[in-house]
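Chemist: dropping the sequence and predicted coords here.
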Amino acid sequence: MDKIVPCIAPFDLILSPPQAKLNWNTTSAWSMRTQGQVETENYVTDEWQMAKELTLLGECDVAIDFGRLVHGLSFELDICRFGKGISQAYWLELYDGESVFVRGPGQYGRHVHTLDRPVLSLTICTWPRSVVRLRELQWSLVQLQ
């Protein structure tokens, strides 16, 4: 069992055995706030399943608040276009009691992000004139024992 001591809690959390991953269709207490032009679309996965994606067009912020501590967060960001003179199309802000900023890669295509650390929220910020698609968002809840 992994032992995690997050910055937000004065006590230790112990993870329970792995659970099924949660995603867009989860009815738990997660919420999303967007700023800028963001479109929602359906697409067909490699496994021929219907899934949802967000397309961030230009300068956008998408903040996902999981409502509680999660771990095993994974998602895919597909860079379709860079803004003129921009070396990264996006950056990430992870919040676990402290903000951690992560710069996005500098090349086109799919980029998979997998986080082993617990987080409360994820914010994806894109640069002007960039186009980024968010797909395959999944996470597991941290269980108190």
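Modeler: Arrived safely, thanks for sending.
Chemist: and the next element down the chain from the lengthiest strand in the chain?
Modeler: Identified as the longest strand of the chain according to DSSP state E is strand 50-81. Using DSSP states H and E, the helix or strand that directly follows strand 50-81 along the chain is strand 90-95.
Chemist: elements contacting that next one?
Modeler: Applying 3 or more Cβ pairs under 8 Å, 6 or more residues apart in numbering; DSSP states H and E, one finds that strand 90-95 contacts strand 50-81, strand 99-103, strand 119-126. C-beta here means a position set from N, CA and C on the backbone, and glycine is covered the same way.
Chemist: low-scoring stretches of the protein, by residue?
Modeler: 1-28, 144-145 (pLDDT under 70).
Chemist: can you do 80?
Modeler: Low-confidence segments of the chain (pLDDT under 80): 1-29, 83-84, 143-145.
Chemist: could you give the angle of the longest strand of the chain to strand 119-126?
Modeler: Here strand 50-81 points in a direction 50 degrees away from that of strand 119-126 (axes from the mean of the first three to the mean of the last three Cα atoms, to 10 degrees).
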